[in-house]
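**Q** My questions concern the predicted model and sequence given below.
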Amino acid sequence: RDANGIALNATEYMERALEPRPSGARRSAERNSTRAAIRSLFRLRSCYTLVRPASDEADVRRASTLDAASLRPEFRQGITLLRNRILGEAPAKELFGQHVDGSMLVGLAQRVRAS
């Protein structure tokens, strides 16, 4: 909810969070610069909320090591929806007019690093 008690969806909340803050607060210039960079670099953006990956706090802390069956079904469903949205909307990457996938980009980065 906003300051007036009006309910916000996740994307509205994010957009308000990305608005510049008044200067004078500690680190406001740095934080406003970060907000501006996000707005500039991600012109098409939306926000998704996810439930906690596990109910148990110890499991949450080690969520990246858990297998999918150990994660909450609502979390897995949210991740699936997010993944499908990203894959469905993200344009294919191109380099020198050729489509490039993730493994090709990794190979390129490894060759650059090695040179």
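**A** Now that the structure is in, tell me what you want to look at. Residues are numbered from 1 along each chain as shown.

**Q** Point to the residue nearest the middle of this structure.
**A** By C-alpha atoms, centre = their mean, the chain has its centre lying nearest to Cys47, at 7.7 Å.

**Q** Off-centre distance for stretch 25-44?
**A** 15 Å (C-alpha atoms, centre = their mean, to the nearest Å).

**Q** Now that stretch: buried residues?
**A** Asn32 (16 or more other C-beta atoms under 10 Å). (Each C-beta comes from the backbone N, C-alpha and C, glycine too.)

**Q** got a list of contacts for it?
**A** Contact with stretch 25-44 is made by 17-23, 45, 89, as judged by C-beta atoms under 8 Å, 6 or more residues apart in numbering.

**Q** what's the following helix or strand after the helix or strand hosting Ala36?
**A** Assigned by DSSP states H and E, Ala36 belongs to helix 28-41. Downstream of helix 28-41, the first helix or strand assigned by DSSP H and E is helix 57-61.

**Q** Tabulate the CA atom coordinates of the next helix or strand after that next one in PDB.
**A** Next helix or strand after helix 57-61 toward the C-terminus (DSSP H and E): helix 73-89. Extracted in PDB, the C-alpha atoms of helix 73-89 (Å, rounded to 0.1, in the frame of the first residue of the first chain):
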ATOM      1  CA  PRO A  73       5.100 -25.600  -4.700                       C
ATOM      2  CA  GLU A  74       4.000 -21.900  -4.800                       C
ATOM      3  CA  PHE A  75       7.600 -20.800  -5.200                       C
ATOM      4  CA  ARG A  76       8.300 -23.300  -7.900                       C
ATOM      5  CA  GLN A  77       5.100 -22.200  -9.700                       C
ATOM      6  CA  GLY A  78       6.200 -18.500  -9.400                       C
ATOM      7  CA  ILE A  79       9.600 -19.300 -10.800                       C
ATOM      8  CA  THR A  80       8.100 -21.200 -13.700                       C
ATOM      9  CA  LEU A  81       5.800 -18.200 -14.500                       C
ATOM     10  CA  LEU A  82       8.700 -15.800 -14.300                       C
ATOM     11  CA  ARG A  83      11.000 -18.000 -16.400                       C
ATOM     12  CA  ASN A  84       8.300 -18.400 -19.100                       C
ATOM     13  CA  ARG A  85       7.700 -14.600 -19.200                       C
ATOM     14  CA  ILE A  86      11.400 -13.900 -19.600                       C
ATOM     15  CA  LEU A  87      11.900 -16.500 -22.300                       C
ATOM     16  CA  GLY A  88       8.800 -15.500 -24.100                       C
ATOM     17  CA  GLU A  89       9.500 -11.700 -24.100                       C
END
